[in-house]
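Student: Following is a predicted model, sequence given first.
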Amino acid sequence: MTHFLDLHKTDAGELRRIITDAARMKAARLGRPRGAPDDEQPLDGQMVALIFEKPSTRTRVSFDLGVRQMGGQTMVLSGRDIQLGHGETIADTARVLSRYVDLIMIRTFEEQTLLELAEYADVPVINGLTDRTHPCQVLADVMTYEEHRGSIAGRKVVWSGDGNNVCASFLHAAGQFGFDLTFTGPETLEPEAGFIDFARSRGVRVGIERDPHKAVAGADLIVTDTWVSMHDPQSARERRHNQLRPYQVNERLMAGAKPDALFMHCLPAHREEEATSAVMDGRHSVIFDEAENRLHAQKAIMRWCLGT
């Protein structure tokens, strides 16, 4: 079964193929209405289940629209709609859904939910996000960088802030696409050692630098994300803000990178917290190209999973 679970679990050549296909499909849609169908209809007659245990804007809209553009239909399910691990095992839910749909995308909390769903499903499963990783986002980010600056191989990427699930997938991508990554943030919020070890095992440099201004020297790309989750209690929010305030991406920090460095944020953003509006709306920012490319990258991922 061709699942898309994490970047380090998919062959690097196949990841490159997905990005190439995404760029091709994006180019084919230039000048067309958003809702117009693609010339190719590889999902014609196919049903895709989109499961959201976590709320979403970009993931929901981009997957839903992508399926429709390719001729398929979607069934959007929330945690309230199905008994995923509550009253029915995840394994049984996977077996049942496999009798109804052709593809499953899930955005969930626990990684184990994703892995168990994939183990027992008879159709491909796509990781739309877990608490540990966010591979769809980072594949779109690599696509975005290469649209603007060419190959990401050999470049220096700096992650500033919390070593969260998006940072984890950036480390997987570093190993798969051959770019170096420097993490700058507090020691208590460093990414897991296993993510760092994977990237280093593929021969790329991964650095840890507490001083953000030293970290961004020579950077081709600076990336950040929200400091707090919508589910964090207020006490955790205050503690995280205190730890992460020195790692805000502002104009002074961007000025320390290369003159043509790009800035990314997967959104949604808390403006003036992890990044200033001056940076988000400035000449280095490609955040809205990044958001759009979720659509194209995920269309290519679905096609890859289904062999179309």
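Tutor: All right, it came through fine.
Student: how about low-confidence regions in this protein?
Tutor: 83, 85, 230-233, 235 (pLDDT under 70).
Student: buried residues in the longest helix along it?
Tutor: Using DSSP state H to define each element, the chain has its longest helix at helix 287-306. Going by neighbour count (16 or more other C-beta atoms under 10 Å), the buried part of helix 287-306 is 287, 289-306. Every C-beta, even on glycine, is put in place using the N, C-alpha and C of the backbone.
Student: Measure how far it is from the centre of its chain, please.
Tutor: Distance, stretch centre to chain centre, for helix 287-306: 10 Å (C-alpha atoms, centre = their mean, to the nearest Å).
Student: quick one: the strands in the stretch 51-200 of the chain?
Tutor: 73-78, 103-107, 125-129, 156-160, 180-184 (DSSP state E, counting those that start in this stretch).
Student: and the ones you listed as CSV, adding distance to residue 46?
Tutor: Shown next, in CSV, are the strands of the stretch 51-200 of the chain (distance: least, C-beta to C-beta, whole Å):
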stretch, distance to residue 46
strand 73-78, 7
strand 103-107, 7
strand 125-129, 14
strand 156-160, 35
strand 180-184, 36
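Student: Same list, the ones you listed, but as JSON lines with mean neighbour count and distance to residue 193 please.
Tutor: Formatted as JSON lines, the strands of the stretch 51-200 of the chain follow (neighbours: other C-beta atoms under 10 Å; distance: least, C-beta to C-beta, whole Å):
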{"stretch": "strand 73-78", "mean neighbour count": "16", "distance to residue 193": "34"}
{"stretch": "strand 103-107", "mean neighbour count": "26", "distance to residue 193": "26"}
{"stretch": "strand 125-129", "mean neighbour count": "26", "distance to residue 193": "21"}
{"stretch": "strand 156-160", "mean neighbour count": "26", "distance to residue 193": "15"}
{"stretch": "strand 180-184", "mean neighbour count": "23", "distance to residue 193": "12"}
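Student: and the closest residue in space to residue 7 that isn't next to it in sequence, how many neighbours?
Tutor: Leaving out its chain neighbours, the residue that sits closest to residue 7 by C-beta to C-beta, 6 or more residues apart in numbering is residue 172, at 3.8 Å. Applying other C-beta atoms under 10 Å, we find 22 residues neighbouring residue 172.
Student: which residues touch residue 172?
Tutor: 6, 7, 8, 133, 135, 138, 195, 198, 199 (C-beta atoms under 8 Å, 6 or more residues apart in numbering).
Student: At which residues are the helices of the stretch 201-308 of the chain located?
Tutor: 212-215, 234-244, 251-255, 277-280, 287-306 (DSSP state H, counting those that start in this stretch).
Student: Let me know which of these is the nearest to residue 29.
Tutor: helix 287-306 (8.2 Å; C-beta to C-beta).
Student: now that closest one and strand 103-107, what's the angle there?
Tutor: Helix 287-306 runs at 140 degrees relative to strand 103-107, counting by axes from the mean of the first three to the mean of the last three C-alpha atoms, to 10 degrees.
Student: I'd like to know which of the contacts of residue 172 is nearest to residue 243.
Tutor: For these, the nearest to residue 243 is residue 195 (19.7 Å; C-beta to C-beta).
Student: Can you give me every residue that contacts the closest one?
Tutor: 167, 168, 171, 172.
Student: In contact with residue 308, which residues?
Tutor: Applying C-beta under 8 Å, 6+ apart, we find residue 308 in contact with 42, 43.
Student: can you rerun that using 7 Å?
Tutor: Contacts for residue 308 (C-beta atoms under 7 Å, 6 or more residues apart in numbering) come out as residue 42.
Student: and if you look at residue 51?
Tutor: When contacts are taken as C-beta under 7 Å, 6+ apart, residue 51 is in contact with 77, 104, 105, 106, 107.
Student: Tell me how far the residue nearest to the last one when sequence neighbours are not counted lies from residue 214.
Tutor: The shortest distance from residue 107 to any residue other than its chain neighbours is 3.8 Å, reached at residue 128 (C-beta to C-beta, 6+ apart). In this structure, residue 128 lies at 35 Å from residue 214, with C-beta to C-beta, to the nearest Å as the measure.
Student: contacts for stretch 156-164?
Tutor: 167, 170, 174, 179-185, 189-191, 212, 215-216, 218-225, 227, 244, 247, 249, 274.
Student: to the chain's geometric centre, what's the distance from it?
Tutor: 14 Å.
Student: and if you look at stretch 88-96?
Tutor: For stretch 88-96, the distance to the chain centre is 26 Å (C-alpha atoms, centre = their mean).
Student: Same question for stretch 14-34.
Tutor: 17 Å.
Student: And it, what's buried?
Tutor: Applying 16+ other C-beta under 10 Å to stretch 14-34 flags 15, 18, 19, 21, 22, 23, 25, 26, 29 as buried.
Student: what sits up against that stretch?
Tutor: Outside stretch 14-34, the residues that reach it (C-beta under 7 Å, 6+ apart) are 7, 38-39, 139, 142-143, 176, 296-297, 299-301, 303-304.
Student: Please consider this matter closed, and thank you.
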